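Student: need a structure here:
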Amino acid sequence: LKLALTDVRLPGAPAGALCHWWLPRLLHVHGRMADLETTSKPPSPIKSNRIIRFERWDLACVEGLMGKVKRDAITGEICLQSTHNFPDFQVLDLLRRPMGLKGTVDGLMKDKYLFKVYPLMYRTWIYHHAMKQIHDVTGAARDENGILKHVFSQRCIDAPMNAGRFSPLMYYVPLAIGTCLTGSLALVAITIMALIVLRFISQICNTPTHYRIIRLLTLPVRLAYVGVVLALFDSSNSLAVVGYALNLLLVFADFVLGDVVMANSYKLHCTYNIVKTLPGPVRIAVCNREGAFQWEDLFGSRGIVDESVSGLGVWERKHHLIAELGDLIVELRPLSQEDFNALADQYFTTSDAIPCLAADALVLDDMASTAPTTKESFAKDMFLEDF
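Tutor: Coordinates of the predicted model:
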């Protein structure tokens with residue numbers, strides 16, 4: 001309608017005057033008032049045709065983290081220490097390519113060798129702890145995959161959730177504020193003693209062997225504390241009532257978000273069995289998961305790894321592709337359409353090549369028909385279509 005009225009104008013009026021004055025009112029009458037400046041903008045480019053350029057990084061840049069992965073005894077989170085020089089890579093390339101890689105979103109979706117990296121932080125922490133005590137790992141000296149088999153055999157939750165693995169101190173430290181409001185010196189002293197005991201248990205059990213029983217060991221202390229609070233409850237002072245109520249509320253929140261959530265998340269514990277390993281400088285294993293049967297139901301699909309990579313005719317829900325990158329244990333998942341769109345947005349915004357770690361684990365068998373065979377025959381940035 002706007003285009004049709006562009007050339008219509010009142011006598012003596014400048015071109016487009018009728019359009020600029022009458023069209024908004026006409027659209028308003030029909031209940032479709034719109035911002036003409038917005039509708040006149042050209043459509044954004046189709047993401048599927050946008051270019052993404054990857055910069056390949058050597059594996060040596062991800063080494064040097066051994067002993068720097070720690071578990072916080074209070075929050076239960078796994079953190080990396082002194083990682084200011086560690087590269088921020090997002091993609092792993094399993095295929096040996098002489099030069100960089102560039103392509104459209106649609107073209108890269110057909111690449112079977114690009115994977116997104118999902119760090120398994122608790123597995124990595126167990127791995128670092130086992131490396132310190134490698135003499136206790138059965139078969140580690142005789143089997144090159146002995147240390148990985150030991151790490152994979154440990155029961156833990158690899159799903160992206162906290163699962164109540166934090167210390168009760170997360171709620172019992174703020175609880176001390178409510179204790180002060182009660183005005184009871186006896187309750188304050190007992191609270192301080194309870195905090196010391198909880199801190200001690202959380203610290204000594206902060207190991208791969210005992211971290212899962214912290215809440216069980218601290219349960220008698222917490223139940224005894226609730227009994228003390230109820231015994232000293234004083235309803236004669238309104239401020240004291242607020243303090244006691246705050247104490248009981250935080251104790252209840254810790255029990256629900258900690259103990260109940262941990263009990264409900266127990267079904268997500270799992271172990272892995274190595275089915276086969278891939279060749280190359282990176283230790284990559286195709287594994288069977290035992291346990292965590294509801295993983296995909298709760299957190300969605302993890303993608304399907306192509307047969308040319310896994311060597312399996314059928315990729316089932318229980319299969320995982322797990323790699324040891326430097327000193328990190330990670331899961332490799334095929335990039336989804338949303339992942340490529342996000343990378344395209346990042347490259348379009350920053351114009352910086354996307355970091356891509358080069359694993360060089362696989363080599364195309366028929367190089368003559370699928371890719372150039374010499375380095376001189378590659379351009380600086382090869383398009384996926386060239387492979």
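Student: The stretch 51-200 of the chain: helices as residue ranges?
Tutor: 105-108, 121-132, 146-152, 169-182, 185-204 (DSSP state H, counting those that start in this stretch).
Student: Of those, which is nearest residue 93?
Tutor: helix 105-108 (11.0 Å; Cβ to Cβ). (Each C-beta comes from the backbone N, C-alpha and C, glycine too.)
Student: buried ones in the closest one?
Tutor: By neighbour count on 16 or more other Cβ atoms under 10 Å, the buried set for helix 105-108 is 105, 107-108.
Student: which stretches of this structure have low pLDDT?
Tutor: 1-48, 82-87, 135-144, 365-387 (pLDDT under 70).
Student: again, only this time at 50
Tutor: Residues of the chain meeting the criterion pLDDT under 50: 1-46, 138-142, 366-387.
Student: tell me the strands in it, going along the chain?
Tutor: 51-57, 69-71, 78-80, 91-95, 100-104, 114-119, 270-278, 283-291, 319-325, 328-334, 354-362, 381-383 (DSSP state E).
Student: Given the fifth one, what are its sheet partners and their directions?
Tutor: Partner strands for strand 100-104, per DSSP bridges, with pairing direction: strand 51-57 (antiparallel), strand 381-383 (parallel).
Student: Can you name the residues that contact residue 56?
Tutor: Residues near residue 56 by Cβ atoms under 8 Å, 6 or more residues apart in numbering: 93, 97, 99-101, 356-358.
Student: could the helices of the stretch 51-200 of the chain go into TSV alongside distance to residue 346?
Tutor: Formatted as TSV, the helices of the stretch 51-200 of the chain follow (distance: least, Cβ to Cβ, whole Å):
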stretch	distance to residue 346
helix 105-108	12
helix 121-132	23
helix 146-152	32
helix 169-182	34
helix 185-204	39
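Student: Any idea which of these gets closest to residue 294?
Tutor: That would be helix 121-132 among the helices of the stretch 51-200 of the chain, by Cβ to Cβ, at 18.3 Å.
Student: tell me the angle of that closest one relative to strand 328-334?
Tutor: 140 degrees (axes from the mean of the first three to the mean of the last three Cα atoms, to 10 degrees).
Student: of the strands paired with strand 100-104, which approaches residue 264 most closely?
Tutor: Closest among the strands paired with strand 100-104, once you apply Cβ to Cβ, is strand 51-57, at 40.1 Å.
Student: At the geometric centre of the chain, which residue sits there?
Tutor: residue 118 (5.7 Å; Cα atoms, centre = their mean).
Student: distance of the closest residue in space to it that isn't next to it in sequence from residue 174?
Tutor: Spatial nearest neighbour of residue 118, excluding adjacent residues (Cβ to Cβ, 6 or more residues apart in numbering): residue 331 at 4.5 Å. From residue 331 across to residue 174, the span is 35 Å (Cβ to Cβ, to the nearest Å).
Student: So between those two, which is more surrounded?
Tutor: residue 331 (18 against 13; other Cβ atoms under 10 Å).
Student: Just give me the closest of the buried residues of helix 105-108 to residue 284.
Tutor: Distances from residue 284 to those, taken by Cβ to Cβ, are shortest for residue 108, at 20.7 Å.
Student: could the buried residues of helix 105-108 be laid out in JSON lines, adding distance to residue 277?
Tutor: Listed next are the buried residues of helix 105-108 as JSON lines, based on distance: Cβ to Cβ, whole Å:
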{"residue": "105", "distance to residue 277": "32"}
{"residue": "107", "distance to residue 277": "30"}
{"residue": "108", "distance to residue 277": "27"}
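Student: returning to that earlier point: mind checking the helices of the stretch 51-200 of the chain for the one nearest to residue 295?
Tutor: Using Cβ to Cβ and comparing these, the one that lies nearest residue 295 is helix 121-132, at 14.6 Å.
Student: got the CA positions of that closest one in CSV?
Tutor: Output in CSV follows, covering the C-alpha atoms of helix 121-132 (Å, rounded to 0.1, in the frame of the first residue of the first chain):
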residue,chain,number,x,y,z
MET,A,121,34.2,-30.8,35.6
TYR,A,122,33.6,-33.4,38.3
ARG,A,123,35.3,-36.1,36.2
THR,A,124,38.2,-33.7,35.6
TRP,A,125,38.5,-33.1,39.4
ILE,A,126,38.5,-36.9,40.0
TYR,A,127,41.1,-37.3,37.2
HIS,A,128,43.4,-34.8,38.7
HIS,A,129,43.0,-36.3,42.2
ALA,A,130,43.8,-39.8,40.7
MET,A,131,46.9,-38.5,38.9
LYS,A,132,48.3,-37.5,42.3
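Student: How about residues contacting it?
Tutor: With Cβ under 8 Å, 6+ apart, helix 121-132 has contacts from 66-71, 78, 136-137, 147-148, 150-152, 154, 156-158, 207-208, 324, 327-329.
Student: Would you mind listing which of the residues you listed are buried?
Tutor: Buried among the contacts of helix 121-132 by 16+ other Cβ under 10 Å: 69, 71, 78, 137, 147-148, 150-152, 154, 156-158, 208, 324, 327-329.
Student: Could you point out which of the helices of the stretch 51-200 of the chain sits nearest residue 88?
Tutor: For residue 88, the closest of those is helix 121-132, at 15.9 Å, according to Cβ to Cβ.
Student: got the angle for that closest one vs strand 270-278?
Tutor: 70 degrees.
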